[in-house]
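Colleague: The amino acid sequence is not available; the structure is as follows:
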């Protein structure tokens, strides 16, 4: 390494506009390189042998090709900032039964701790970035992902097995904020994404490099419309296996006259808003992190 190098780790999490951010960074790679920033996202980190645990020797060190110091130098090249974005590093979202894994992202704090320890031993600081989402809309989006992943259940079944109250963002964030050798941690709400994105990018990349990011315009990972879900449920009831959720999403996309489906009624959504506001207020009191607000 030719100078102090810092690493930013964007964990996502899933269903928080992570893919849009990754597309924007990917499409701005060349401009970021000119500012000393090297971005690595899923298009790199999901290739064989290139996952974060593999390249930094986390857990199973037999898969590590380079020492941590050499890996940092290799990824930074002539720059001084490495940004990693990979929501799958946070952990599995949907388990083999098609329900949200519990405890939610229960192993990620240990992995980030190991990464932070390895980086600081080589003189590289680690900054952590995490987005959160209202539990009810998070669960709703998870249902869409479960269906698209081939795990069929009815809306009632999924909502019963995955109540919004089980999404404990406070415990999750505290587990990350307690990591030693972490230089900074930043948290923001998915609901504020458009408003806070310039601030998020500035903290991820530096103010000068953030100006170079051209935001993606395409919609990433669109969920199911209410009409698409209804057609899937009807097809399943009639034994029609041809109409998959992916086909239904393509035939009946979300649009001005075709709203996304919802899992929860007005009363549950009201309770969820209050619960989410309380969680964010508690998270904001954690001294080891900064909540990025509009």
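Modeller: Everything's here; your move. Values in this document were obtained by computation on a predicted structure and should not be read as measured data.
Colleague: Give me the contacts around stretch 130-138.
Modeller: Where contact means CB atoms under 8 Å, 6 or more residues apart in numbering, the residues beyond stretch 130-138 that reach it are 10-13, 15-18, 141, 164-167, 169, 173, 176, 185-191, 193, 263-264, 268-269, 272-273, 275-276, 279-280, 283. C-beta: built from backbone N, CA, C; applies to glycine.
Colleague: Show the buried residues in those.
Modeller: If you count burial by 16 or more other CB atoms under 10 Å, the buried members of the contacts of stretch 130-138 come out as 10-13, 15-18, 141, 164, 167, 169, 173, 176, 185-191, 193, 263-264, 268-269, 272, 275-276, 279-280, 283.
Colleague: any low-confidence regions in the stretch 1-150 of the chain?
Modeller: 1-3, 60-63 (pLDDT under 70).
Colleague: re earlier: let's see which of the contacts of stretch 130-138 end up in strands.
Modeller: Of the contacts of stretch 130-138, the ones assigned to strands by DSSP state E are 10, 11, 12, 185, 186, 187, 188, 189.
Colleague: Distance to residue 65 added to those residues, as JSON lines?
Modeller: Conversion of the ones in strands among the contacts of stretch 130-138 to JSON lines gives the following (distance: CB to CB, whole Å):
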{"residue": "10", "distance to residue 65": "23"}
{"residue": "11", "distance to residue 65": "24"}
{"residue": "12", "distance to residue 65": "25"}
{"residue": "185", "distance to residue 65": "29"}
{"residue": "186", "distance to residue 65": "30"}
{"residue": "187", "distance to residue 65": "33"}
{"residue": "188", "distance to residue 65": "34"}
{"residue": "189", "distance to residue 65": "38"}
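Colleague: just curious, which of those is nearest to residue 207?
Modeller: Checking the ones in strands among the contacts of stretch 130-138 against residue 207 with CB to CB, the nearest one is residue 186 at 14.4 Å.
Colleague: Which pLDDT value belongs to the closest one?
Modeller: At residue 186 the predicted local distance difference test score is 98.
Colleague: hang on, residue 82 is in a strand, isn't it?
Modeller: Yes: note on residue 82: a strand contains this position according to DSSP: H, G, I helix; E, B strand; the rest coil.
Colleague: wait, it sits on residue 9?
Modeller: No: the pair formed by residue 82 and residue 9 falls short of the contact definition of CB atoms under 8 Å, at 9.2 Å.
Colleague: how about the helices in the protein?
Modeller: 18-27, 29-33, 42-45, 52-56, 68-76, 108-121, 135-148, 155-161, 169-177, 193-205, 207-210, 226-237, 245-251, 266-284 (DSSP state H).
Colleague: Out of these, which one sits most buried?
Modeller: For the helices of the chain, the largest average neighbour count (mean count of other CB atoms under 10 Å) is found in helix 135-148, namely a mean of 23.
Colleague: thought residue 218 was touching residue 23?
Modeller: Yes: under the criterion of CB under 8 Å, residue 218 makes contact with residue 23 at 7.1 Å.
Colleague: and the gap between the residue in the chain sticking out farthest from the centre and residue 247?
Modeller: Distance from the C-alpha centroid of the chain peaks at residue 238, with 35.9 Å (CA atoms, centre = their mean). From residue 238 across to residue 247, the span is 15 Å (CB to CB, to the nearest Å).
Colleague: which one is residue 11 nearest to, not counting chain neighbours?
Modeller: Counting by CB to CB, 6 or more residues apart in numbering, residue 90 is the residue found nearest to residue 11 once chain neighbours are left out, at 4.7 Å.
Colleague: Out of the helices of the chain, flag the one nearest residue 99.
Modeller: Nearest to residue 99 among the helices of the chain is helix 155-161 (4.8 Å), distances taken as CB to CB.
Colleague: Run the chain-centre distance for that closest one.
Modeller: Using CA atoms, centre = their mean, to the nearest Å, the mean C-alpha position of helix 155-161 is found 23 Å from that of the whole chain.
Colleague: And stretch 201-221, by the same measure?
Modeller: From the chain centre to the centre of stretch 201-221 is a distance of 15 Å (CA atoms, centre = their mean).
Colleague: With that, I have no additional questions.
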